[in-house]
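Visitor: Kindly return the folded structure for what I paste below:
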Amino acid sequence: MSFTKTTLALGLAALAATTPVSATNIVASIKPIELVVKAVAGDNMNVSTIVPPGSSPHNYSMKPSQRRALEQADAIFWVGPNMETFLSRLLGGKEFAGKVLAFTESTSDDKDEHHEHGHEHHGHDHGNGDDPHVWVDPHMALEMAKAIHAKLSTLEGINTSELDTNLKDFEQNLHTAEQRIKESLNQLEGTSLFAYHSALERFAEHYELDLAGVLTLNPELSPGARHIAEVQNKLREANQPCLLTEPQFNRQWWRSITEGLNVTFSTWDPLATDIESTANGYIEFQQSIADAVLECLPK
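Guide: You can find the predicted model right below:
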């Protein structure tokens, strides 16, 4: 083989390696979903997120450029109509048929409408199916990763053996992280955790933590007086109460709720704002929740 042919062959090989990457556009609704997609797709694939850091996925207003990104996407991953409500009507449209994968189902009447247009739904509504914060539970994240793998494998120009390896690595790394986190959280026995809203519930359940109370059932609204009184009583009676707040929501009213009570505070971020978007990002996200919970330990 002459030098020219070798150079050409190498050039074509390099082109083949990079083409699928730039040719595949994946859109995730929120950062934690992006992290699970990255774990499967690897760091080279083009993955973008709709809801920016610091915004709430419950009531986000999309920009025209993001609408275009959705139209140009090869695959779109989102939690489902009970989480990113602003996407429900749009992604239910015929133009997105076959491109969209939701991880939870709607609990309202628009369920049939979604299935009508040939949309995929990968359900894991375990028991308390109303809580859409599925991504904080590592077991569910693995299920999501498998569904993402299945979806990406159907796209043109995708290196499926690379996806297989990535999924396998993710499963092993997640299992290792889980064991480590479980062990570290054992120290929390005897600490009563309180969460700002239900986002923490699935994490607490998975790691068998004592979640004694949730301040608000709807983070967009301040809770009623009766609910506040109930929470205050629980805080008073709790052993080493610790309140886990979230950066996305107003802090003022819970400051007044806890005034005069001996409560430890810690902040965790269910939207993974400060986590770098890499193939290892989801593992780091899990660790960041564990670290925030460990801040509750008596100093």
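Visitor: Which of the helices or strands spans residue 163?
Guide: Residue 163 belongs to helix 160-185 when assigned by DSSP states H and E.
Visitor: Does anything pack onto the next helix or strand after that helix? Which helices or strands?
Guide: Heading C-terminal from helix 160-185, the first helix or strand you meet, by DSSP H and E, is strand 192-195. Applying 3 or more C-beta pairs under 8 Å, 6 or more residues apart in numbering; DSSP states H and E, one finds that strand 192-195 contacts helix 201-206, strand 211-214, helix 225-237, strand 241-245. The way it works is simple: take the backbone N, C-alpha and C, and place the C-beta from them, glycine included.
Visitor: Adding mean pLDDT and mean neighbour count, write these out as JSON lines.
Guide: Output for the helices and strands packed on strand 192-195, formatted as JSON lines (pLDDT from 0 to 100; neighbours: other C-beta atoms under 10 Å):
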{"stretch": "helix 201-206", "mean pLDDT": "96", "mean neighbour count": "20"}
{"stretch": "strand 211-214", "mean pLDDT": "91", "mean neighbour count": "18"}
{"stretch": "helix 225-237", "mean pLDDT": "89", "mean neighbour count": "14"}
{"stretch": "strand 241-245", "mean pLDDT": "93", "mean neighbour count": "23"}
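Visitor: I'd like those as JSON lines, with distance to residue 173 appended.
Guide: Shown next, in JSON lines, are the helices and strands packed on strand 192-195 (distance: least, C-beta to C-beta, whole Å):
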{"stretch": "helix 201-206", "distance to residue 173": "17"}
{"stretch": "strand 211-214", "distance to residue 173": "26"}
{"stretch": "helix 225-237", "distance to residue 173": "37"}
{"stretch": "strand 241-245", "distance to residue 173": "25"}
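Visitor: quick one, which of the ones you listed is nearest to residue 46?
Guide: Across the helices and strands packed on strand 192-195, residue 46 has its closest neighbour in helix 201-206 (29.3 Å, C-beta to C-beta).
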